Each structure stands twice: as structure tokens, then as C-alpha cells.
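Trainee: One predicted model, sequence on top.
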Amino acid sequence: MIEENIKQILSELPEGVRLVAVSKFHPNEAIEEAYKAGQRVFGESKVQEMTGKYESLPKDIEWHFIGHLQSNKIKYIIPYVSLIHGVDSYKLLVEINKQAAKADKVINCLLQIHIAEEETKFGFSFDECREVFHKEDWKELQNIRLCGLMGMATNTDDRKQIKKEFCFLSEFFKEVKQQWFTDMESFKELSMGMSHDYHLAIESGSTLVRIGSNIFGERVY
């Protein structure tokens, strides 16, 4: 089923949109099945779980950290993480840079923007994000590479609201790209959309969709 699910989803993705298979809480066997189907990008939200999977699964897997990252856990994922989706504070960005410098690495990061009408979601407001870029301290962080933005829409059945939130983030991405990253090809990713809303995210300009249950079924906690 996993192989069929992946093939079905990939057939729906336009050119320029990549699938992040959200494998958190799923066993290695499920990831191996997705791997055999050609999937190479996987998303995890717990540092310990992702590190364990990295150590025991094929080394050409591209691991994306998609959860809320705690500062004291950064050092464990620095050696192998391909992209950190949810950088939700400038302090966290500084700490990632510090740990990356120790390992002599440059880490790809997305800034998480709070677009949902839910307090439980993390992230910068649009104005907080603008403030970070205006200050320009981030330009001194030599061991991180800002590759784009990430956001999660409100968990609702109201498709108009979800679309509106995705469109807000898409427009903001264009503003940031134009004002601060015009000449930086690496700033190109917009991570929006999960199993229940990824079609709306793609319509709104998403380049990375994070899909779990539509591939692996419901999680066993």
C-alpha cells in the first residue's frame, strides 16, 4: 500500500514540488517500503527518533526535521540533517549556527511563520520576521543557509480559510525573496501543506509538501 500511495501522490505533484514523507512514529520497515518505491526525503519531529533512524537506514536518505526543535538537541542532528523546517525564533537560528560552526558545516534552514488561527502553533509573525531581516544580524551567521519559509494552516475543514492562510504566506515569501534574497538562488523553498490540505498548498505556491498519513496510514503512538 505504501508504494501505491507514494506513486499516487507523486503523480499529483507538479514540477518543482517535492514530497517530504512524514515518517515520524512509523517503524523502519515502513520507511524501507517507501524507500523501495523511490522516496528519498523523509520528515521527522523527534531528535532521538530521527537519529536512530538515520543510523540504521540507508545513508542516501535526505532527513528533514519538521518538529519544534529544542536548543539543547540541535547538536545531535547537525552531522546529518538536510533541512530544518521549523526555525521559530532568532535565538534558535543563532544556536543552530553555533553548533554548525563547531561541526564545520552549513545547515539549511526554513523560518517558520505563524499563519494559523491557533495559539498552539509556533513561528514568527510577519512583522517579527521582517524585523529580523531589517536588523541584518542574520548575515553574520556563516554556518546557516536560509532556504525559505514554512507554515502550517489552521486545522479546520474550512477550505477558504486554509487557502487564505496559504496565500498570505505565499505573498509574504515573494516579499521576502524580492527584498532580501533576490540574488540568492538557495532561497527558494516554501514548505506548506500536509495530508489534508496539500492540494490547496500546491495551488498557493508550495514547493515542499509534508505528507504522512496519506502514505503510511494513521500513526501508532
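Mentor: Here it is on my side, so go on.

Trainee: Sketch out the helices for the protein, chain order is fine.
Mentor: 2-12, 28-36, 47-56, 74-77, 90-102, 126-135, 159-180, 198-203, 213-216 (DSSP state H).

Trainee: between those helices, which one is nearest to E189?
Mentor: With distances scored as CB to CB, the stretch of these nearest to E189 is helix 159-180 (9.0 Å). In short, each C-beta sits where N, CA and C put it, glycine included.

Trainee: what angle do the closest one and helix 126-135 make?
Mentor: On the basis of axes from the mean of the first three to the mean of the last three CA atoms, to 10 degrees, helix 159-180 is oriented at 10 degrees to helix 126-135.

Trainee: what's helix 159-180 packed up against?
Mentor: Where contact means 3 or more CB pairs under 8 Å, 6 or more residues apart in numbering; DSSP states H and E, helix 159-180 is packed against helix 126-135, strand 144-151, strand 189-191, helix 198-203.

Trainee: From K36, how far off is the residue positioned nearest the centre of the chain?
Mentor: Nearest residue to the geometric centre of the chain (CA atoms, centre = their mean): H85, 3.1 Å. To K36, H85 is 25 Å away according to CB to CB, to the nearest Å.

Trainee: Can you list the buried residues in stretch 201-215?
Mentor: Under the neighbour-count criterion of 16 or more other CB atoms under 10 Å, stretch 201-215 has 201-202, 204-212, 214-215 buried.

Trainee: bridging residues for the closest residue to V87 other than its chain neighbours?
Mentor: The spatially closest residue to V87, leaving aside those adjacent along the chain, is C109, at 4.8 Å (CB to CB, 6 or more residues apart in numbering). Beta-bridge partners for C109, by DSSP bridges, are I84, L146.

Trainee: May I have the residues that are in contact with C109?
Mentor: 83-84, 87, 93, 96, 144-147 (CB atoms under 8 Å, 6 or more residues apart in numbering).

Trainee: just checking, F25 touches E218?
Mentor: No: counting by CB atoms under 8 Å, E218 is not a contact partner of F25; they are 9.7 Å apart.

Trainee: The two: who's more crowded?
Mentor: Set F25 next to E218 and count neighbours by other CB atoms under 10 Å: F25 wins out with 16 against 8.

Trainee: circling back: quick one: closest of the helices of the chain to I66.
Mentor: Nearest of these (CB to CB): helix 47-56, 9.5 Å.

Trainee: mind checking the backbone torsions on the residue nearest to E49 when sequence neighbours are not counted?
Mentor: Nearest residue to E49, sequence neighbours excluded (CB to CB, 6+ apart): K24, at 6.6 Å. Per-residue torsions, K24: phi -60, psi 140 (degrees, to the nearest 10).

Trainee: Can you give me the neighbour number for K24?
Mentor: 17.

Trainee: same deal with the one 4 residues further on?
Mentor: Number of residues near N28 (other CB under 10 Å) recorded here: 13.

Trainee: Next, the contact list for the residue nearest to the centre of the chain, please.
Mentor: Here H85 is in contact with 43, 64-66, 110, 112, 150, 191, 208, 210 (criterion: CB under 8 Å, 6+ apart).

Trainee: what's the first-to-last distance across stretch 40-54?
Mentor: For stretch 40-54, the first-to-last residue distance is 12 Å (CA to CA, to the nearest Å).

Trainee: Figure out how far stretch 190-209 is from the centre of its chain.
Mentor: 11 Å (CA atoms, centre = their mean, to the nearest Å).

Trainee: Sounds good, over and out.
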